[in-house]
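Chemist: fold the following.
(one chain, ligands or ions: 1)
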Amino acid sequence: MRSFRPNKIASKMIVAYHRSELPRLNGSIGFVPTMGALHEGHASLIRTSVSRGHQTVVSIYVNPTQFAPNEDFTKYPRTLEADLQTARECGAHVVYVPSSEEIYPRPDISVSLSGSLSERWEASVRPTHFSGVATVVLKLLNIVRADEAFFGQKDLQQCQVIETMIDLLFLNTKMVVCPTVREADGLAMSSRNRYLTDTQREIAPRLHEALVGCELNIKSDMHVERALEIASAKLIEVGFNIDYFSMVELPSMEPRLSVTNLNSKLALITAAALGNTRLLDNVVW
Ligand code: AMP
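Modeler: Residues are numbered from 1 along each chain as shown. Model prediction:
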């Protein structure tokens with residue numbers, strides 16, 4: 001199935017298709033797990049790892065276990081040639097492109113989650129998603145054995161799940177969360193943005209606009225429920241189908257309807273669809 005399969009490309013970057021081909025790296029290791037179709041968001045994670053002096057390993061693997069049967073696993077964009085070029089330009093030292101035969105030789109073991117992090121928000125819409133994410137990330141962390149692994153704030157709940165896993169399973173990799181990279185009009189970059197029609201693409205930045213407007217309203221002492229209502233109504237009016245638009249406390253991601261008596265960070269989180277394309281975004285303060 002894999003027609004493009006170079007091991008060496010223009011620079012010294014190594015491409016490994018099996019963990020036995022991964023080189024021994026000297027010094028500290030940084031790891032950026034991805035599903036490919038790399039964009040500036042992924043590139044910023046790779047550059048951050050490189051700038052922290054790490055030998056940087058990027059994985060590209062479209063993980064089947066985090067997709068439900070009705071989701072876009074088969075049509076998820078696969079752009080390996082361009083991805084290798086991007087990784088090389090960002091200074092990655094190794095790109096690891098495993099197969100499902102290697103990652104899931106048998107379906108015997110997986111990470112199961114319990115508690116509200118695994119039931120709320122994304123998990124309420126995609127009940128098996130985070131178990132699939134945690135399983136593949138655990139396997140990849142064990143293979144790469146990085147000092148630091150880099151993740152995007154755009155997937156805030158994913159960050160909380162992985163942070164919890166690293167903590168409670170005593171993993172030796174430190175997690176670094178990097179800021180969301182956006183298009184000029186505010187839309188959070190995502191491999192799935194390419195599914196948007198031209199009309200949907202014009203509407204899509206409204207999601208970030210709604211988050212920022214809502215944050216401003218809350219900071220100007222508007223009642224949280226009212227601020228959430230206004231933002232949601234605006235999104236519905238322009239055609240979004242909202243799964244959730246809520247204020248949460250971090251790191252628990254428990255919902256909050258008040259900003260008083262809080263010492264922790266707050267976030268507005270949302271997932272909303274335009275047609276068949278779900279967009280995720282958040283702001284943290
Ligand atoms: P994915 O390929 O979608 O699994 O994403 C791989 C990593 O890139 C995850 O840690 C994502 O959170 C991160 N990422 C995706 N989009 C962005 C973005 N716009 N800005 C920063 N990081 C991102």
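Chemist: and the residue in the stretch 101-250 of the chain that the ligand sits nearest to, how many neighbours does it have?
Modeler: Distance from the ligand to each residue of the stretch 101-250 of the chain (CB to the nearest ligand atom) is smallest for residue 152, at 2.2 Å. Every C-beta, even on glycine, is put in place using the N, C-alpha and C of the backbone. Around residue 152 sit 22 other residues, with neighbours defined as other CB atoms under 10 Å.
Chemist: surely residue 126 and residue 70 touch.
Modeler: No - under the criterion of CB atoms under 8 Å, residue 126 lies out of contact with residue 70, with a separation of 10.1 Å.
Chemist: which phi and psi does residue 79 have?
Modeler: When read as degrees, to the nearest 10, the backbone of residue 79 gives phi -130, psi 60.
Chemist: quickly list what the residue of the stretch 101-250 of the chain closest to the ligand is bridged to.
Modeler: Note on residue 152: beta-bridge partners by DSSP bridges are residue 178.
Chemist: in which helix or strand does residue 283 reside?
Modeler: Here residue 283 is covered by strand 277-284, with elements defined by DSSP states H and E.
Chemist: any residue of that strand touching the ligand?
Modeler: No - contact between strand 277-284 and the ligand is absent, the nearest approach being 9.0 Å (criterion: CB under 6 Å from any ligand atom).
Chemist: show me what that strand is packed up against.
Modeler: Using 3 or more CB pairs under 8 Å, 6 or more residues apart in numbering; DSSP states H and E as the contact definition, the elements that strand 277-284 packs against are helix 206-219, strand 266-274.
Chemist: quick one: buried residues of the one helix or strand residue 47 maps to?
Modeler: Secondary structure assignment for residue 47, by DSSP H and E: helix 40-51. For helix 40-51, a neighbour-count test (16 or more other CB atoms under 10 Å) marks 41-50 as buried.
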